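Participant: Have a look at this prediction, sequence included:
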Amino acid sequence: MFGRAITWGGSEDVAPQTFDIRTAQLGVYLFVADSRLNLLSVFDDLRYDRSDVDMLSPTMRRHVSEKLRPLGFKQVSGTTFENRAADVRFLMPKSHALGASPFDISRYTPKREQDFYVLTPTQAACQIIDNYSLDHAVHAIKDLISRQPVNLLRLADYLERKPTHQRFAGALGHLQYFQRQAVTSDPLRTRRSLG
């Protein structure tokens, strides 16, 4: 579970190591978007068009690999990084269709409680919306936006008719205003896209 540090290793001559993603040096392009859901978000861009494809680019994937490798993670498949000693995996779910909803990103990639999803900011925001109350979701997404803007128009296009989504639709104007302010202020205004 994310809330506790994960300890591994340890033998007669090697002290056990502790892995806590919250204290890892991840840089400005990676952000733990939610510690209960274990969501790691990868910075995408400052501005979006609602028709932008929402997926991790090869450059974003490479950046994740470069940051996880020093933490003892090995890429065991095209979408999975694993640290066997810590029994933790970072999973990069793939969209199964070009126009797939960002709300469905984790549907075909199950994870264990201690594993993490590596997502775009928009995908992370969708997971937050589906798992929290309106107030909690808005607060968490504002925290995400202050570090990594979200494609709010694309997100709005995929809101469903279920009550959780309909309540969230009323907060989109507030989040769009908040995001406009965030991308024109430090530290975001000078950040470049990973590609």
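Facilitator: Okay, I see it.
Participant: quick one: low-confidence parts of this protein?
Facilitator: Counting by pLDDT under 70, the chain contains low-confidence residues at 1-19, 22.
Participant: And the helices in it?
Facilitator: In the chain, the segments counted as helices under DSSP state H are 58-68, 121-131, 134-145, 152-157, 163-169, 172-183.
Participant: most packed of those?
Facilitator: Of all these, helix 121-131 has the most neighbours on average by mean count of other Cβ atoms under 10 Å, namely a mean of 24. Every C-beta, even on glycine, is put in place using the N, C-alpha and C of the backbone.
Participant: elements contacting it?
Facilitator: Using 3 or more Cβ pairs under 8 Å, 6 or more residues apart in numbering; DSSP states H and E as the contact definition, the elements that helix 121-131 packs against are strand 30-34, strand 39-42, strand 116-119, helix 134-145, helix 152-157, helix 163-169.
Participant: repeat that for 7 Å
Facilitator: Helices and strands touching helix 121-131, by 3 or more Cβ pairs under 7 Å, 6 or more residues apart in numbering; DSSP states H and E, are strand 39-42, helix 134-145, helix 152-157, helix 163-169.
Participant: can you give me how far the second one is from the chain middle?
Facilitator: Translated: helix 134-145. Offset of helix 134-145 from its chain centre (Cα atoms, centre = their mean, to the nearest Å): 13 Å.
Participant: what does the third one give?
Facilitator: The chain centre lies 17 Å from the centre of helix 152-157; the measure is Cα atoms, centre = their mean.
Participant: Now do it: everything it contacts.
Facilitator: Contacts to helix 152-157, defined as Cβ atoms under 7 Å, 6 or more residues apart in numbering, come from residues 48, 50, 52, 54, 102, 122, 125-126, 169, 172, 175-176, 179.
Participant: repeat for the first one
Facilitator: Contact with strand 39-42 is made by 29-33, 56, 60, 63-64, 90, 116-121, 124, 127, 144, 148, as judged by Cβ under 7 Å, 6+ apart.
Participant: circling back to that earlier point, closest one to residue 106 among the helices and strands packed on helix 121-131?
Facilitator: strand 39-42 (9.4 Å; Cβ to Cβ).
Participant: Name the strands paired with the closest one and say parallel or antiparallel.
Facilitator: Using DSSP bridges, the strands paired with strand 39-42 are strand 30-34 (antiparallel), strand 116-119 (parallel).
Participant: Closest to the centroid, which residue in this protein?
Facilitator: Residue closest to the average C-alpha location in the chain (Cα atoms, centre = their mean): residue 41, at 2.4 Å.
Participant: Right, I'll call it a day here.
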